[in-house]
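*Asks:* Structure for the following, please:
(one chain, ligands or ions: 2)
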Amino acid sequence: MKLEVKSITKIFTGSDVKNTTKALDNVSFSVEDGEFISIIGPSGCGKSTILRLIAGILEPTEGELLLGEKPIEGPDKNRGMVFQKPTLFPWLTVEDNVMFSQNIQGKKGREKAERLIEMVGLSDFKKSYPSQLSGGMAQRVSLIRTVINRPEVFLLDEPLGQLDAFSRINMQEELLRLWNENHHIMIMVTHDVDEAIYMSNRVIIMEPRPGRIKRIMDIDLPYPRNRLSDEFSNLRNEAMKSLGME
Ligand code: ADP
Ligand code: MG
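*Replies:* Ligands and ions are numbered 1, 2, ... in the order given. I've put the predicted structure just below:
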């Protein structure tokens, strides 16, 4: 299912003119079925705003968003969002947190939840509470809570931003595996250039004030990618140059 973001402008109006922010200015891109897109750029350039517009929790000031040629109007389970901070209910176990977010209840639902919990290596923790999990584990649970609804578009807002380097690399593999199995659209915001190049088919580079697309880079490397290869380094240098990070 194709996603089209067409000439989007988003203005947040405050109490007076001084508080008015043009968060996005004429942003357009489209995403084909099964593509993995990363969005990268300095803080305040409108990355989260793009995800919230696609999620349907914000409306554009100008322009339109289409999914499968239909306008996006409000939130829907076919577009799932994962945030930087795991969003789990502290009073529910891992298993119940996963169960809570899906439509299928009862035995069938529980079996499905257990399969996913096993897939991310948390079977031993299914009766644990969120406070008993590490950051990486909690983020895995957040992920499968979204996966269980089988969204067509996966929206990830710096999902690995709070993890240490090792958990981060593990989670990158986990995300790629998920994507391989389901082949839905992935749109991930990150501020890690390596992560963007390692994972995605295309990298959207943004600039701030107002938020605009500076360029879109194609990453034509086969998976699994080698971070130490010359091709990878060249792409990394190119992206960093575009971001003004030389
Ligand atoms: P990013 O995720 O790239 O850091 P955001 O999309 O969160 O950027 O924000 C882009 C700009 O829009 C920022 O200047 C931010 O302050 C502003 N903004 C975001 N959400 C709101 C809001 N609900 N009300 C007013 N301004 C907002
Ligand atoms: Mg953000």
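*Asks:* Provide a list of residues in contact with residue 3.
*Replies:* 30, 31, 54, 65, 66, 67, 153, 185, 187 (CB atoms under 8 Å, 6 or more residues apart in numbering). Glycine gets a C-beta too; all of them are placed from N, C-alpha and C.
*Asks:* Need the pLDDT of the most centrally placed residue in the chain.
*Replies:* Closest residue to the average C-alpha location of the chain: residue 156 at 1.6 Å, with CA atoms, centre = their mean. Looking at residue 156, its pLDDT reads 94.
*Asks:* Buried ones among the contacts of residue 3?
*Replies:* By neighbour count, with 16 or more other CB atoms under 10 Å, the contacts of residue 3 hold 31, 54, 65, 67, 153, 185, 187 as buried.
*Asks:* who's in contact with the fourth one?
*Replies:* If a contact means CB under 8 Å, 6+ apart, then residue 67 has 1, 2, 3, 4, 78, 79, 152, 153 as its contacts.
*Asks:* same thing with the last one?
*Replies:* Contacts of residue 187 were listed using CB under 8 Å, 6+ apart, and they are 3, 31, 37, 38, 39, 50, 51, 54, 153, 154, 155, 156.
*Asks:* Point out the ones among the residues you listed that are inside helices.
*Replies:* Of the contacts of residue 187, the ones assigned to helices by DSSP state H are 50, 51, 54.
*Asks:* out of those, which one sits closest to ligand 1?
*Replies:* Nearest to ligand 1 among the ones in helices among the contacts of residue 187, counting by CB to the nearest ligand atom, is residue 50 at 7.0 Å.
*Asks:* got the contact list for the longest helix along the chain?
*Replies:* Counting by DSSP H, the longest helix found in the chain is helix 165-182. Contacts with helix 165-182, where a contact means CB under 8 Å, 6+ apart, come from 36, 120, 134-136, 139-140, 143, 147, 150, 154, 156, 159-160, 163, 186, 188, 195, 198-199, 223-224.
*Asks:* ok so, going back, please report which of the contacts of residue 67 has the highest neighbour count.
*Replies:* Highest neighbour count within the contacts of residue 67: residue 79, with 24 neighbours (other CB atoms under 10 Å).
*Asks:* who's in contact with stretch 137-145?
*Replies:* Stretch 137-145 has contacts (CB under 8 Å, 6+ apart) with 82-83, 86-88, 94, 97-98, 100-101, 113, 116-117, 119-122, 125, 130, 133, 159-160, 162-163, 171, 174-175, 178.
*Asks:* Need the pLDDT of the nearest residue to residue 162 once chain neighbours are set aside.
*Replies:* The shortest distance from residue 162 to any non-neighbouring residue, by CB to CB, 6 or more residues apart in numbering, is to residue 135 (5.6 Å). Residue 135 is assigned 86 on the pLDDT scale.
*Asks:* after the host helix or strand of residue 186 comes which helix or strand?
*Replies:* Per DSSP states H and E, residue 186 falls inside strand 185-189. Past strand 185-189, further along toward the C-terminus, the next helix or strand under DSSP H and E is helix 193-199.
*Asks:* Now the element after that following helix, going C-ward?
*Replies:* Following helix 193-199 in sequence order, the next helix or strand is strand 202-207 (DSSP H and E).
*Asks:* Mind checking the pLDDT average for that following strand?
*Replies:* 98.
*Asks:* Sheet-wise, list the partners of that strand with their directions.
*Replies:* The strands beside strand 202-207 in its sheet (DSSP bridges) come out as strand 36-40 (parallel), strand 212-218 (antiparallel).
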